[in-house]
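Kindly generate the corresponding structure for this input.
(one chain, ligands or ions: 1)
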Amino acid sequence: NTLKEALKDKFLIGTAVNTLQASGKDKAGAEVIREQFSAIVAENCMKSQEIHPEENRYNFTQADEFVAFGEKNDQTITGHTLIWHTQLSRWFCVDKDGKNVSPEILKKRMKDHITTVVKRYKGRIKGWDVVNEAFEDDGEYRKTKFYEILGEEYIPLAFQYAHEADPNAELYYNDYSMALPGRRAAVIKLVKDLKKRGIRIDAIGMQGHVGMDYPKISEFEKSMLAFAETGVKVMITELDLTVIPSPNPNIGAEVSASFEYKKEMNPYPKELPAEVAKAWTARMNDFFRLFLKHQDIITRVTLWGVADHNSWRNDWPMNGRTDYPLLFDRNYRPKPIVDLIIKEAARK
Ligand SMILES: OC[C@H]1CNC[C@@H](O)[C@@H]1O[C@@H]1O[C@H](CO)[C@@H](O[C@@H]2O[C@H](CO)[C@@H](O[C@@H]3O[C@H](CO)[C@@H](O)[C@H](O)[C@H]3O)[C@H](O)[C@H]2O)[C@H](O)[C@H]1O
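As a prediction, the model looks like this:
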């Protein structure tokens, strides 16, 4: 009667873990993670800004604690993430005057970072999100510092460095809004190019930060099948389902600061109306039905957090909102969706 048990013959069921849970300070959270999930990923402590704050200084304290937590619970551990343009320490791509470093220096820094981090957890981490969010919605390369300095080559280099550091580790490309045709096509081309060059890639991670009306399940399914056709595994890596409106980024500062607008953007500060909760449960169940339908290609489904109060969605893009995007409530009690998923799994 747990997610882990019910899904053990289907796919890994995972969650993002924060430092309070991994350290055991959040006992209730740590207990639900141990009991319900067969896989974990660090929400923040393995990102370059957190783990490599200065060129000659690494901070492995929280990452070591996180990996030990997963091993104690006999869970499959994923490393997130080696090369990403966000939560990236400033020193990584620019010199003291703020100028882009040379391609040679960046290659050396990427190699040092990836080799040091991957080697430290060699044989303990099943797979790594080697590169995260490298494409725009339309499929164009995101103009990150990595791309500015090394062009498209920074991605194959990152995968090569990771493979050299731990030849047995699985290597993943991870991105969001993967149901969009432009990004879908770009990722398929990337996988084919890497494979043609004999560079190891094992899976594509579809983050799955979805809403009540986006994306269409049929478009999400199309991407899952298209990615599987390239011969790699497909994983859902950061699943959450928001029920609160997405603020319009083009709204003026005056309006966005207004009480009315804030109220509109935070419609359920206390609790979720029953009919909204029912619609949310049905939508999340539709996604899990899709994953169970394709359990032959889906090897892992990871939620981006355990309980609603853990979610980044409460503070993005506006701070202090109340969202309900995950499977457990703010008291770490399972929501009705948990029982539904367990029943669906028994049927499949
Ligand atoms: O944005 C959601 C997903 C999208 N895909 C990639 C995935 O990695 C990303 O996860 C989110 O990535 C976000 C950053 O982009 C994370 O948010 C950061 O989370 C960090 C750790 O808690 C925060 O850093 C802390 O900030 C505190 C005060 O601001 C400081 O006191 C702390 O020292 C600092 O660690 C950052 O401000 C905050 O921006 C979210 O927790 C995390 O859930």
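
neighbours around the residue of the chain found nearest the ligand, how many?
Closest residue of the chain to the ligand, C-beta to the nearest ligand atom: residue 312 (3.5 Å). For every residue, glycine as well, the C-beta is placed using N, CA and C. The burial metric for residue 312, expressed as a neighbour count using other C-beta atoms under 10 Å, is 17.

Which helix or strand contains residue 168?
Applying DSSP states H and E as the criterion places residue 168 outside every helix and strand.

List the contacts of it.
When contacts are counted by C-beta atoms under 8 Å, 6 or more residues apart in numbering, residue 168 is found next to 122-123.

hang on, the earlier thing: give me the phi and psi for the residue of the chain closest to the ligand.
phi -60, psi -20 (degrees, to the nearest 10).

so how many other residues sit close to the residue nearest to residue 166 when sequence neighbours are not counted?
The shortest distance from residue 166 to any non-neighbouring residue, by C-beta to C-beta, 6 or more residues apart in numbering, is to residue 122 (4.5 Å). Other residues lying near residue 122 total 12 when counted by other C-beta under 10 Å.

quick one: residue 122 from residue 50, how far?
In this structure, residue 122 lies at 20 Å from residue 50, with C-beta to C-beta, to the nearest Å as the measure.

try residue 262
If you measure residue 262 against residue 50 using C-beta to C-beta, the figure is 30 Å.

Between these two, point out the one with more neighbours.
Per other C-beta under 10 Å, whichever of residue 262 and residue 50 has more neighbours is residue 50, with 17 against 14.

show me what contacts that one?
Listed by C-beta under 8 Å, 6+ apart, the contact partners of residue 50 are 44, 59, 62-63, 87.

Quick one: residues contacting the residue positioned nearest the centre of the chain.
Here the mean C-alpha position of the chain is nearest to the C-alpha of residue 238 (C-alpha atoms, centre = their mean), at a distance of 3.7 Å. Going by C-beta under 8 Å, 6+ apart, residue 238 touches 16, 176, 205, 207-209, 302-304.

Helix or strand for it, just tell me which one.
Using DSSP H and E, residue 238 falls within strand 233-242.

Would you agree residue 228 falls within a helix?
Yes. Under the criterion used here (DSSP: H, G, I helix; E, B strand; the rest coil), residue 228 sits inside a helix.

Run a quick neighbour tally on residue 224.
Residue crowding around residue 224 was assessed by other C-beta under 10 Å; the count is 23.

ok, for it, nearest residue in space, not its chain neighbours?
Ranked by C-beta to C-beta, 6+ apart and with sequence neighbours excluded, the top spatial neighbour of residue 224 is residue 234, at 5.2 Å.

so what's that neighbour bridging to?
Under the criterion DSSP bridges, residue 234 forms beta bridges with residue 204, residue 298.

Please determine how far it is located from residue 211.
With distances taken as C-beta to C-beta, residue 234 is found 21 Å from residue 211.

same question, residue 10
Taking C-beta to C-beta, one finds residue 10 at 25 Å from residue 211.

cool, and residue 204?
On the measure of C-beta to C-beta, residue 204 and residue 211 end up 21 Å apart.

Any idea how far stretch 190-204 is from the middle of the chain?
Its chain's average C-alpha position is 20 Å from that of stretch 190-204, according to C-alpha atoms, centre = their mean, to the nearest Å.

Show me what counts as buried in it.
Neighbour-count burial for stretch 190-204 flags 190-191, 194, 199, 201-204 (criterion: 16 or more other C-beta atoms under 10 Å).

Helix or strand: which one has the residue nearest to residue 166?
Element membership of residue 122, judged by DSSP H and E, is empty: it is in no helix or strand.

could I get stretch 157-175 in CSV with only the CA atoms?
Once non-C-alpha atoms are left out, stretch 157-175 reads as follows in CSV (Å, rounded to 0.1, in the frame of the first residue of the first chain):
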residue,chain,number,x,y,z
LEU,A,157,32.1,17.7,-24.1
ALA,A,158,30.1,17.6,-20.9
PHE,A,159,28.9,14.0,-21.7
GLN,A,160,32.4,12.9,-22.6
TYR,A,161,33.9,14.3,-19.4
ALA,A,162,31.1,12.6,-17.3
HIS,A,163,31.6,9.3,-19.0
GLU,A,164,35.4,9.4,-18.5
ALA,A,165,34.8,10.2,-14.8
ASP,A,166,32.5,7.2,-14.2
PRO,A,167,32.2,4.9,-17.2
ASN,A,168,29.4,2.9,-15.5
ALA,A,169,27.2,5.9,-14.7
GLU,A,170,24.1,6.6,-16.8
LEU,A,171,24.0,10.0,-18.5
TYR,A,172,20.9,12.0,-19.2
TYR,A,173,19.8,15.2,-21.0
ASN,A,174,17.1,17.0,-19.0
ASP,A,175,14.7,19.8,-20.0
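
and that stretch, what's its mean pLDDT?
Stretch 157-175 shows a mean pLDDT of 98.

ok, and for that stretch, which residues are buried?
Under the neighbour-count criterion of 16+ other C-beta under 10 Å, stretch 157-175 has 157-163, 165-166, 169-175 buried.

With respect to residue 267, which of these is nearest?
Residue 267 has its nearest neighbour among the buried residues of stretch 157-175 in residue 175, at 29.3 Å by C-beta to C-beta.

on that earlier part again, who has more neighbours out of residue 10 and residue 211?
When residue 10 is set against residue 211 and neighbours are counted by other C-beta under 10 Å, the residue ahead is residue 10, at 18 against 15.

Now do the residue nearest to that one when sequence neighbours are not counted, the pLDDT please.
Of all residues not flanking residue 10 in the chain, residue 295 sits nearest, at 4.5 Å (C-beta to C-beta, 6+ apart). Taken from the predicted model, the pLDDT recorded for residue 295 is 97.
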